[in-house]
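> mind looking at a prediction? Sequence and model below.
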Amino acid sequence: MRKLMNCEPEIVFRHFETVCSIPHGSGNEKALSDFVMEMAKAKGLYAVQDKLHNVIVKIPASKGYEDADAVIIQGHLDMVCEQNKSTNHDFATQPLDVFIDGDWIKARGTTLGADNGIAVAYCMAMIELADDVGFKHPALELVLTTQEETGLDGAAFISAEELNAKKMINVDTDIEGFILTGCAGGLKATIHLPVEYEQIPQGCVAYKLDVKGLLGGHSGLEIDKKRANANRLLARILNEIYDGVMVRLCAVSGGLKDNAIPREAEAIFMMNKNYVEICIDRINTFGIQLKSEFIKCDPDIEIIAKPITNTPQAAFSDSAAKKVINTLLVLPNGPLAMSAEFEGIVETSNNVGVVRTEENEVVIQCAVRSSVDSRMQFAAKQIFALADLIGASVVKTAEYPAWEFQPESHLREILAQAYMGMYGKEAQQGVVHAGIECGLFAQKIAGLDMVSIGPDMFGIHTPDEKLSISSTRRTWEYLLKVLERLK
């Protein structure tokens with residue numbers, strides 16, 4: 001039985017529920033991509049799919065719109081796969097467990113993938129309506145990309161040879177009534193810090209330190225909210241208690257995605273049994289200080305140290321432990337510069353998103369963002385400089401350009417007029433610190449006139465993600481009205 005069958009518009013939520021039923025995490029989009037291709041072919045529409053499973057579907061102009069300029073409707077197929085530690089969900093094989101909570105659609109214990117599954121659902125609805133005489137629109141080029149959440153790889157790879165449009169509506173914004181006109185660029189910097197191991201002295205007991213309960217969030221949209229970073233908190237606690245004689249660090253881990261502010265982190269360490277009481281007292285005392293520090297912006301932080309029976313066979317050397325802790329302490333994290341052009345908007349940031357211990361190294365993944373390329377490169381060079389000082393290496397990947405604000409935009413005017421006509425008030429316009437694919441399409445298609453819109457959703461990139469039902473309906477109606485006006 002369908003769980004969203006009473007949500008309107010039925011055509012959109014039926015397709016959204018289908019999207020949620022098909023696993024489509026980044027790198028695992030083939031099944032959803034194939035489904036969209038089969039839908040398009042069943043309607044007799046021209047559709048192509050490349051080797052990264054990007055999909056382009058073309059819908060001919062409706063009657064009376066044959067001379068209008070074509071328009072790209074664009075979104076991405078993949079989602080961020082995050083879940084609570086208490087949730088046992090296999091994103092590679094299992095459908096999302098969606099449910100309705102008032103005006104909101106959520107998924108139990110996991111991300112919902114409304115970012116950007118709702119764009120996919122809108123496009124699927126348009127495919128279904130392709131031969132409906134009531135659907136009034138210019139020629140449409142539906143473009144659904146892959147691996148957006150891991151570096152915009154699909155958009156970077158896709159060929160523009162199949163695209164004729166000079167206008168594009170991206171549907172990857174999470175605030176209804178907000179016309180997005182620019183965004184940050186970004187890159188991923190991955191530090192590989194070698195670690196040496198030593199035997200653990202006699203008389204030690206094993207403990208696990210957990211940092212959890214944080215709000216987390218999107219590393220672009222929520223980076224200015226002053227929320228705690230679990231990896232940074234873990235380092236601060238370890239720095240408070242670390243002593244090469246009393247405490248021996250064995251492993252650290254935290255975060256799941258570089259583009260999500262980490263909500264949980266943990267460390268495994270050994271303690272001399274004669275110092276357990278002292279060490280636990282330090283953790284509890286400092287934990288109270290940290291919770292007080294973030295009481296307004298991250299009120300549910302939990303810091304717990306418990307003994308474990310699975311005793312590690314070795315610990316980091318004293319030198320390696322200090323390098324790991326100090327690196328996490330001094331790595332740039334959070335907003336690094338505010339925009340001089342747009343008040344209240346972060347210009348440059350870094351998110352220390354993922355930490356994991358591998359066989360002979362600790363890996364730290366950072367997501368750097370900026371609307372100014374030179375500032376983004378400088379932030380990356382800071383990470384490279386730190387790595388050089390500690391004998392680590394850095395790999396820079398997934399680099400993508402900013403989408404620069406354009407003072408003149410006919411498409412933006414049409415959207416603003418349509419919004420005023422429908423709601424009797426002005427739509428908000430502006431830029432965001434998050435990164436979307438428009439900058440890459442601007443590089444591929446000269447003179448492309450672009451905007452980005454979307455319905456209300458909150459908590460994206462976290463298991464608290466939720467999508468507004470009523471806002472999804474209004475945004476769908478707004479999108480249809482805009483297409484009707486592009487004659």
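All right, it came through fine. All values reported here derive from a predicted model rather than from experimental measurement.
> quick one: mean pLDDT over the longest strand seen in the chain.
Determined from DSSP state E, the single longest strand within the chain is strand 346-357. In this model, strand 346-357 carries a mean pLDDT of 98.
> same question, stretch 78-92
Averaging pLDDT along stretch 78-92 yields 94.
> wait, is Leu467 part of a strand?
Yes - counting by DSSP: H, G, I helix; E, B strand; the rest coil, Leu467 falls inside a strand.
> chain center to stretch 202-211, what's the gap?
33 Å (C-alpha atoms, centre = their mean, to the nearest Å).
> buried stuff in it?
Within stretch 202-211, the residues that count as buried by 16 or more other C-beta atoms under 10 Å are Cys204, Ala206, Tyr207, Lys208, Leu209, Asp210, Val211. From N, CA and C alone the C-beta is placed, and that goes for glycine too.
> and the strands in the stretch 51-200 of the chain?
Assigned by DSSP state E, counting those that start in this stretch, the stretch 51-200 of the chain shows strands spanning 55-59, 71-76, 98-101, 104-107, 140-145, 167-170, 178-183, 185-194, 197-199.
> show me what the longest one is packed against.
Spelled out, that is strand 185-194. helix 318-330, strand 361-370, helix 373-390, strand 393-400 (3 or more C-beta pairs under 8 Å, 6 or more residues apart in numbering; DSSP states H and E).
> save those as a markdown table, and put in distance to Ala121, mean pLDDT and mean neighbour count too.
Shown next, in a markdown table, are the helices and strands packed on strand 185-194 (distance: least, C-beta to C-beta, whole Å; pLDDT from 0 to 100; neighbours: other C-beta atoms under 10 Å):
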| stretch | distance to Ala121 | mean pLDDT | mean neighbour count |
| --- | --- | --- | --- |
| helix 318-330 | 39 | 97 | 19 |
| strand 361-370 | 27 | 98 | 24 |
| helix 373-390 | 33 | 97 | 16 |
| strand 393-400 | 25 | 96 | 16 |
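> host element of the residue lying closest to His137 once chain neighbours are set aside?
Of all residues not flanking His137 in the chain, Leu483 sits nearest, at 4.1 Å (C-beta to C-beta, 6 or more residues apart in numbering). Taking DSSP states H and E as the criterion, Leu483 maps to helix 469-485.
> mind listing what the helix or strand containing Ala206 pairs with, with the direction of each?
For Ala206, the enclosing helix or strand under DSSP H and E is strand 204-212. Counting by DSSP bridges, the strands paired with strand 204-212 are strand 265-272 (antiparallel), strand 302-307 (antiparallel).
> beyond the shortest one, next helix or strand please.
Sequence order places strand 314-316 as the next helix or strand after strand 302-307, per DSSP H and E.
> quick one: distance of that next one to the chain centre.
Distance of strand 314-316 from the chain centroid (C-alpha atoms, centre = their mean) equals 34 Å.
> next: stretch 422-433.
23 Å.
> try stretch 445-462
13 Å.
> rewinding a little: got CSV for the strands paired with strand 204-212, with distance to Asn231 and mean neighbour count too?
Shown next, in CSV, are the strands paired with strand 204-212 (distance: least, C-beta to C-beta, whole Å; neighbours: other C-beta atoms under 10 Å):
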stretch, distance to Asn231, mean neighbour count
strand 265-272, 5, 22
strand 302-307, 14, 14
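> contacting residues around whichever strand or helix holds Ala416?
For Ala416, the host element (DSSP H and E) is helix 410-423. The contact list for helix 410-423 (C-beta atoms under 8 Å, 6 or more residues apart in numbering) reads 167-169, 177, 179, 181, 425-427, 429, 449-451, 453, 477-478, 481-482, 485-486.
> same question for stretch 469-480.
Outside stretch 469-480, the residues that touch it by C-beta under 8 Å, 6+ apart are 7-9, 12-13, 16, 73, 100, 103-105, 118, 122, 125, 135, 137, 169, 171, 176, 418-419, 422, 453-456.
> contacting residues around Gly182?
Contact analysis of Gly182 by C-beta under 8 Å, 6+ apart lists Ser371, Ala402, Trp403, Glu404, Phe405, Gln406, Gly430, Val431, Val432.
> mark which of those residues are buried, thanks.
If we count by 16+ other C-beta under 10 Å, the contacts of Gly182 have these buried: Ser371, Ala402, Trp403, Phe405, Val431, Val432.
> so which of those belong to strands?
Of the positions in the buried ones among the contacts of Gly182, Val431, Val432 sit in strands, assigned by DSSP E.
> how about the buried ones among the contacts of Gly182 in CSV, adding distance to Glu293 and pLDDT?
Shown next, in CSV, are the buried ones among the contacts of Gly182 (distance: C-beta to C-beta, whole Å; pLDDT from 0 to 100):
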residue, distance to Glu293, pLDDT
Ser371, 29, 95
Ala402, 33, 95
Trp403, 35, 96
Phe405, 36, 92
Val431, 31, 95
Val432, 27, 94
